[in-house]
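Chemist: have a look; sequence and predicted model below, questions after that.
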Amino acid sequence: NTHIPEVIGAARRYEVLSDKTYQDAVEYFLSLINSTRTFATGGSNSNEHWGDPHRLGDTLGPGTEETCTTYNILKVARHLFQWTGSSGLADFYERAIVNGILGVQRPGTPGVSLYMLPLGAGNSKGTGGHSWGTPFDSFWCCYGTAVESFSKLGDSIFFEQAKNKTLYVNQYVDADLKWNTTSLIVQLRSNFPVPRWDSQPTSNATASLQLVSASAILIRFNGTIMLRIPLWTSKADITINGKPFTGSTAPGSYAQLTQEWIVGARIDIRFYPKLHLNQILDDRDQYKSLHAILFGPILLVGMTTGVRDIKVDEPSNVDAWVKPVNYSTKLNSFQLFGQSNLYLRHQGFNAWADPINAKAGTDGPDSTFILSPPLTETTNDQSVSIQSMNYPDFFLAKDYQGNVALLQNDKSAPFKQAATFNMVAGLANSSGVSLEQNGLYVSFYKQEKNKFTLQKPAQEDVKQFAADSTFNVTTGNAAYRLFSFIAQGSNREYLLEPINAVVDEQYTAYFNMTS
C-alpha cells in the first residue's frame, strides 16, 4: 500500500509536467495489478503484500484484502479515466467500490470499520486477526481511509468535458449534480447496483436522469450526455422523453446522446445484469477450479462454515444453477414460551435455546427458518419439515444421538423421517406450538447449555417440560437481503448474498467448481 501513493504521485507528475514516462508507468502499473493480482472484488493483496503473479489461490483467507489498497487503487483508476475516458476503467471503479468499500463499515455501529476484507472459505468479517475494530481503540490506517472513503462517495459519479458540454455518467447511484456549464441540475436516480434504503426486491435494474432548473428561465443547449453501458449487462434500453434511443448501446462502451437539450428532459435506462463467473488469477492446476459468482458488478458470497465445493453440470451456464431467492417465502422464528429473547437457533449444526440479538452477529439468520411441506409422504396436515434460511436444503432433524441438529438433506428415507415433525398445539399454551415426532417432543428440558433433544414428556416437572417444549412462531428474525440467490449444486446448495451486505456471517468468496 505504500507503493500506490508513489504511483499516484507519478500520475500527478504526468498531469503537471506532461512527462510521458510517468504516464506509461501508471498505465503499466494498473494493467499489471488487474491482470495478475486482483480478486473478483476489484481489490488486491494478501496481508498487505502482492505476491507472485497468477498465484492468488493459496492467499485466500482473513488477510485478504486490505481496505487501504482498494482506497488508493481507486485514485489511480480515477487519474487514468481522466486521461482515457475508458468505460473499462469506470467498470473497474464500480466493482472495486461496490465490493471493496461499501461493506467495510459496520452498519448501525458508528466508528467501526474493517482493516481486511476476508475472502477465504468460512471466513467472517466478525472474526479473525483484523475483524471489525472498535470505535475508539482501533485506529488502523484503514480506519482513516474508510472514513475518507465514505465522505467522498460522490467522487467519480460524473465527469465533464466543459469545452463541448459533454457529461459522462459513470456510476449509477442516486446523486444530484449542479452542472455549472449549462446552469442545470442533473438528477440521477438508480436502484442498481447500490439499492436505495427503501428498495424492494425487483428484477429490474433501472436508472433515470432528469434535467431541472432552479429558476424559471427556459434553458436550451446543444451538448452530449455519455452514459456508461456496463460490461455486466447483456443489453441496455434507453429512452429520451419516452422515445427509444436508436444509437449504439453495446455493453462495455458509452451510449452517446448528442442533441439539443432543454430543461425538463428525461432519460430512462434499463440494464439487464448478468450472472457470471470470475476465475481466480492462478495458473496452477490445483486452483483453476476456483471461481467467484457475480451478479452484475456485485460479488455474491456463499454462506458456509468452511465448505466451498459445488458440483454443477455446466459451470459456465450460471443461470441454470443459480436462482434468485423467492422473496415471498415466509420466514419464521421459534420463540420459547414465556421467554421473549430465547429462541431456537442452530449453531455448530446443533439446535440450542439461545438469547437472540437479531441486529448483531449471526443470531438473526441462525434463528430463522422456512416451514416446508413434510419431506415424507403423509396425510397428517400437521406435519412439516423445518429448513434453515441461511443453509438451503439443511433441515432440523433427529440425529443418531437423539439430538436435534441441522443436517443436510441426503434424500434418503431415514433422513426424511428424521426431518419430519408434527406441529401440534403447544404443551404449555395452545396458542403456541410444540414439535412432536413419534411421541417425542423437541425440548431443552434439563439439557446442558440448553441443547434441544427429542424427549418423552416428563413425569415430574410437567409444567417446566411443557414450557421448555413450547414455542411461539414469530416473523423471522432475519430476511433475505436484496440481490440474494441460491446456488444449486448436485452436492449441496448455498445461499448467496452480496459481500457488501454481510456483517458477521461466515462465507466463501470463491467456490471450488467441478462438473
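Modeler: Right, received. Where do you want to start?
Chemist: C-alpha only now, for contacts and for neighbours.
Modeler: OK.
Chemist: tell me how far the helix or strand where residue 79 lies lies from the chain's centre.
Modeler: Using DSSP states H and E, residue 79 sits in helix 67-84. Computed by Cα atoms, centre = their mean, to the nearest Å, the chain-centroid distance of helix 67-84 equals 23 Å.
Chemist: over to stretch 452-470?
Modeler: On Cα atoms, centre = their mean, the centre of stretch 452-470 falls 41 Å from the chain's centre.
Chemist: for stretch 169-181, same thing?
Modeler: Distance, centroid of stretch 169-181 to centroid of chain: 25 Å (Cα atoms, centre = their mean).
Chemist: one more: stretch 304-320?
Modeler: On Cα atoms, centre = their mean, the centre of stretch 304-320 falls 17 Å from that of its chain.
Chemist: list the buried ones in it?
Modeler: For stretch 304-320, a neighbour-count test (16 or more other Cα atoms under 10 Å) marks 304, 305, 307, 308, 309, 310, 311, 312, 315, 318 as buried.
Chemist: on that earlier part again, hmm, who's touching the helix holding residue 79?
Modeler: Identification of contacts with helix 67-84 by Cα atoms under 8 Å, 6 or more residues apart in numbering yields 1, 4-5, 7-8, 11, 26-27, 30, 42-45, 89-90, 92-93, 96-97, 100-101, 104, 114-117, 141-142, 145-146, 149, 156.
Chemist: do stretch 280-300 as well
Modeler: 35-41, 53-57, 94-95, 98-99, 193, 232-233, 273-279, 301, 483-484, 496-499, 509-514.
Chemist: repeat for stretch 303-322
Modeler: With Cα under 8 Å, 6+ apart as the criterion, stretch 303-322 contacts 121-123, 275-277, 390-391, 485-497, 505-508, 510-515.
Chemist: which stretches of this structure have low pLDDT?
Modeler: Scanning the chain for pLDDT under 70 picks out the ranges 197, 358-360.
Chemist: filter the contacts of helix 67-84 down to the ones in helices?
Modeler: 4-5, 7-8, 11, 26-27, 30, 89-90, 92-93, 96-97, 100, 141-142, 145-146, 149 (DSSP state H).
Chemist: just the buried ones from those residues, in PyMOL syntax?
Modeler: Only the buried entries of the ones in helices among the contacts of helix 67-84 go into this PyMOL selection, using 16+ other Cα under 10 Å:
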select buried, resi 4+7+8+11+26+27+30+89+90+92+93+96+97+100+142+145+146+149
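Chemist: that older thread, list only those of the contacts of stretch 303-322 flagged as buried.
Modeler: 121-123, 275-277, 390-391, 485-489, 492-497, 505-508, 510-513.
Chemist: export the helix holding residue 79 to CSV, keeping only CA atoms.
Modeler: Taking C-alpha atoms only, helix 67-84 is exported to CSV below (Å, rounded to 0.1, in the frame of the first residue of the first chain):
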residue,chain,number,x,y,z
THR,A,67,-9.1,-1.7,2.6
CYS,A,68,-6.3,1.0,2.1
THR,A,69,-5.2,-0.7,-1.1
THR,A,70,-8.6,-0.5,-2.6
TYR,A,71,-8.9,3.1,-1.5
ASN,A,72,-5.7,4.0,-3.2
ILE,A,73,-6.2,1.9,-6.3
LEU,A,74,-9.4,3.8,-6.9
LYS,A,75,-7.4,7.0,-7.0
VAL,A,76,-5.1,5.5,-9.7
ALA,A,77,-8.2,4.4,-11.8
ARG,A,78,-9.6,7.9,-11.5
HIS,A,79,-6.5,9.5,-12.9
LEU,A,80,-6.4,7.0,-15.7
PHE,A,81,-10.0,7.6,-16.6
GLN,A,82,-9.5,11.3,-16.9
TRP,A,83,-6.7,10.6,-19.5
THR,A,84,-8.5,7.9,-21.5
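Chemist: and that helix, what's buried?
Modeler: In helix 67-84, counting by 16+ other Cα under 10 Å, buried: 67-81.
Chemist: same check, this time on stretch 133-148
Modeler: 133, 138, 142, 143, 145, 146.
Chemist: the fifth one and residue 486, how far apart?
Modeler: Think residue 145. 34 Å (Cα to Cα, to the nearest Å).
Chemist: now swap in the third one and tell me
Modeler: Distance, residue 142 to residue 486, using Cα to Cα: 33 Å.
Chemist: before we move on, what about residue 130?
Modeler: 29 Å.
Chemist: how about residue 245?
Modeler: Counting by Cα to Cα, the gap from residue 245 to residue 486 is 35 Å.
Chemist: ok, residue 90 next?
Modeler: 29 Å.
Chemist: same check on residue 468?
Modeler: From residue 468 to residue 486 the distance is 34 Å (Cα to Cα).
Chemist: run through who's touching the strand or helix carrying residue 276.
Modeler: Take DSSP H and E as the rule and residue 276 turns out to sit in strand 275-279. With contact meaning Cα under 8 Å, 6+ apart, strand 275-279 is reached by 40, 288-296, 316, 318-319.
Chemist: rewinding a little: and the buried residues of stretch 304-320, which of them are in strands?
Modeler: 309, 310, 311 (DSSP state E).
Chemist: which helix or strand contains residue 255?
Modeler: Using DSSP H and E, residue 255 falls in strand 253-262.
Chemist: any idea how far that strand is from the middle of the chain?
Modeler: 33 Å.
Chemist: stretch 140-153 too?
Modeler: The answer for stretch 140-153 is 20 Å, by Cα atoms, centre = their mean.
Chemist: helices of this protein, start to end?
Modeler: 3-17, 20-36, 67-84, 87-100, 141-151, 318-321, 363-366, 413-418, 462-467.
Chemist: give me the angle between the fifth one and helix 67-84.
Modeler: If you take axes from the mean of the first three to the mean of the last three Cα atoms, to 10 degrees, helix 141-151 sits at 50 degrees to helix 67-84.
Chemist: other SSEs contacting helix 141-151?
Modeler: helix 67-84 (3 or more Cα pairs under 8 Å, 6 or more residues apart in numbering; DSSP states H and E).
Chemist: now what about stretch 418-426, what contacts it?
Modeler: 374-376, 380, 382-386, 395-399, 431-437, 466, 469-471.
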